[in-house]
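Peer 1: Fold the following for me, if possible:
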Amino acid sequence: MTNGAAAAAAIAQAIKASGAIVRVVPEDFCKIVDKVDKPLVVISVSRFLGTRCHYLTSYKGLIFYTKSPEQLLLKGSTEYVHARSIYIPQ
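Peer 2: Residues are numbered from 1 along each chain as shown. As a prediction, this is how the structure comes out:
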């Protein structure tokens with residue numbers, strides 16, 4: 001197996017392990033969170049080459065992801081899990 005084929009197989013396996021991840025713009029992420037009574041959101045802040053906030057939440061069996069240069073203002077009933085980092089396969 002060539003290096004390229006091995007990398008492609010590793011990426012495919014990572015996607016299978018993590019399930020479907022839907023990337024959305026921050027505005028749509030906020031709308032999704034607003035639809036849930038007591039949302040759970042995973043947040044990670046990276047400071048490499050500027051600040052980036054990464055967010056994950058689940059809704060109707062899908063995982064939604066977004067990133068933003070500033071923290072998002074989510075509704076008061078949101079429960080947060082602060083993660084050291086969030087890795088999303090490409």
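Peer 1: From L49, how far off is V81?
Peer 2: 25 Å (CB to CB, to the nearest Å). Heads up, the C-betas are built off the backbone N, CA and C, glycines and all.
Peer 1: what do you get for R84?
Peer 2: According to CB to CB, R84 and L49 sit 18 Å apart.
Peer 1: What of Y65?
Peer 2: From Y65 to L49 the distance is 19 Å (CB to CB).
Peer 1: about what we covered before: so if I had to pick from V81 and L49, which one is more boxed in?
Peer 2: V81 (10 against 6; other CB atoms under 10 Å).
Peer 1: Packing partners of whichever strand or helix holds the more buried one?
Peer 2: Assigned by DSSP states H and E, V81 belongs to strand 79-82. Applying 3 or more CB pairs under 8 Å, 6 or more residues apart in numbering; DSSP states H and E, one finds that strand 79-82 contacts strand 40-46.
Peer 1: Partner strands of the strand it packs on, with direction?
Peer 2: Next to strand 40-46 in the sheet, as set by DSSP bridges, lie strand 52-59 (antiparallel), strand 79-82 (parallel).
Peer 1: all helices in this protein, in order from the N-terminus.
Peer 2: Assignment of helices within the chain using DSSP state H yields the ranges 3-18, 26-34.
Peer 1: tell me, which of these is the model least confident about?
Peer 2: Across the helices of the chain, helix 3-18 has the smallest mean pLDDT, namely a mean of 60.
Peer 1: Pass me the low-pLDDT residue ranges in this structure, would you?
Peer 2: 1-19, 90 (pLDDT under 70).
Peer 1: how close does C30 sit to R47?
Peer 2: 23 Å.
Peer 1: contacting residues around the residue nearest to L56 when sequence neighbours are not counted?
Peer 2: Counting by CB to CB, 6 or more residues apart in numbering, L56 lies nearest to V42, which is 4.2 Å off, once chain neighbours are set aside. Residues near V42 by CB atoms under 8 Å, 6 or more residues apart in numbering: Y55, L56, T57, Y80, V81, H82, A83, I86.
Peer 1: which among the residues you listed end up buried?
Peer 2: Y55, L56, T57, I86 (16 or more other CB atoms under 10 Å).
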